[in-house]
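Trainee: Kindly generate the corresponding structure for this input.
(one chain, ligands or ions: 2)
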Amino acid sequence: MSVLELRQVHRTHGTGATIVHALRGIDLVVRTGELVAVMGPSGSGKSTLLNLAGGLDSPTSGEVVVDGTVLGSCSRKALAALRRRKIGYVFQDLNLLPSLTAAENVALPLDLDGVRGSRKQALDALSEVDLNGYGDRFPDEMSGGQQQRVAIARALIGERTLVLADEPTGALDSQTGEAVLRLLRSKVDAGAAGMLVTHDARHAAWADRVVFLRDGRVVDTSGPLDQPEELLRAP
Ligand SMILES: Nc1ncnc2c1ncn2[C@@H]1O[C@H](COP(=O)(O)OP(=O)(O)O)[C@@H](O)[C@H]1O
Ligand SMILES: [Mg+2]
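Mentor: Ligands and ions are numbered 1, 2, ... in the order given. Prediction:
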């Protein structure tokens, strides 16, 4: 089943001489059980693509469909609920709330929906990212890598059908980075769909498919990579 569908998506910023074409006609489908890696140079539109897929930004033209819902046709309230319930997002800059503990940050999307037992689910999610016993720490009492894992636990908690991650392993050592990819992979294998922005070919190797962006266009896609380095050198 297609979980995410982008149909002829364009996104421009500004007008006239200073117009920036962040995305120029993207068609993309991500299905249940599929993890897609997005690669490309800085400024190629990777974060814009993820923000549109997550309903955090809207296309200038074209459609974004998540789980059968055209995001552009939703009210703001419906979109917020859909994001909270169905979409897990790991931001480049984490976006943890500093006044909430790790467990409270992770439980937040569930709490906003009045889900019972959210603390236990949050603590379980934290132990999955190897943060047993860290539930009551505040973000500023944790290292960058630990904070990143809290953000990942928050994105994977609950019944998310679409998990989006923008360079989620930035602040992590390579061993923890691999562990995060393994978590993302198993969430997808358990019935979600995923999209991962990464610069690291070893991380892209966890994906079923790599979409390569340049200047807001898909210039190449590939299946599972035998030689991921080849793609990074692609024109
Ligand atoms: N809010 C914005 N206003 C103006 N230009 C933007 C904005 N967001 C992104 N851009 C531009 O759109 C292009 C794509 O950006 P982005 O999606 O962040 O690329 P990437 O994540 O691949 O580095 C870049 O040229 C960037 O400068
Ligand atoms: Mg980016």
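Trainee: In terms of pLDDT, where does residue 139 sit?
Mentor: For residue 139, the pLDDT comes out at 96.
Trainee: For burial, what's the neighbour tally of it?
Mentor: Using other Cβ atoms under 10 Å, residue 139 has 19 other residues around it. The way it works is simple: take the backbone N, C-alpha and C, and place the C-beta from them, glycine included.
Trainee: tell me the contacts of it?
Mentor: 96, 97, 98, 102, 105, 147, 150 (Cβ atoms under 8 Å, 6 or more residues apart in numbering).
Trainee: just checking, the last one touches residue 142?
Mentor: Yes. Applying Cβ atoms under 8 Å as the test, residue 150 and residue 142 come out as touching, 7.0 Å apart.
Trainee: Overlap of the contact sets of these two?
Mentor: When contacts are counted by Cβ under 8 Å, 6+ apart, residue 150 and residue 142 have 102, 134 as shared neighbours.
Trainee: So between those two, which is more surrounded?
Mentor: Legend: neighbour count by other Cβ under 10 Å for residue 150 and residue 142, higher for residue 150 (27 against 17).
Trainee: Which is the succeeding secondary structure element to the helix or strand hosting the more buried one?
Mentor: Here residue 150 sits within helix 144-156, counting by DSSP states H and E. Next along the chain after helix 144-156, taking DSSP H and E as the criterion, comes strand 162-166.
Trainee: hmm, that following strand touching ligand 1?
Mentor: No. Using Cβ under 6 Å from any ligand atom, strand 162-166 never reaches ligand 1; the gap is at least 7.3 Å.
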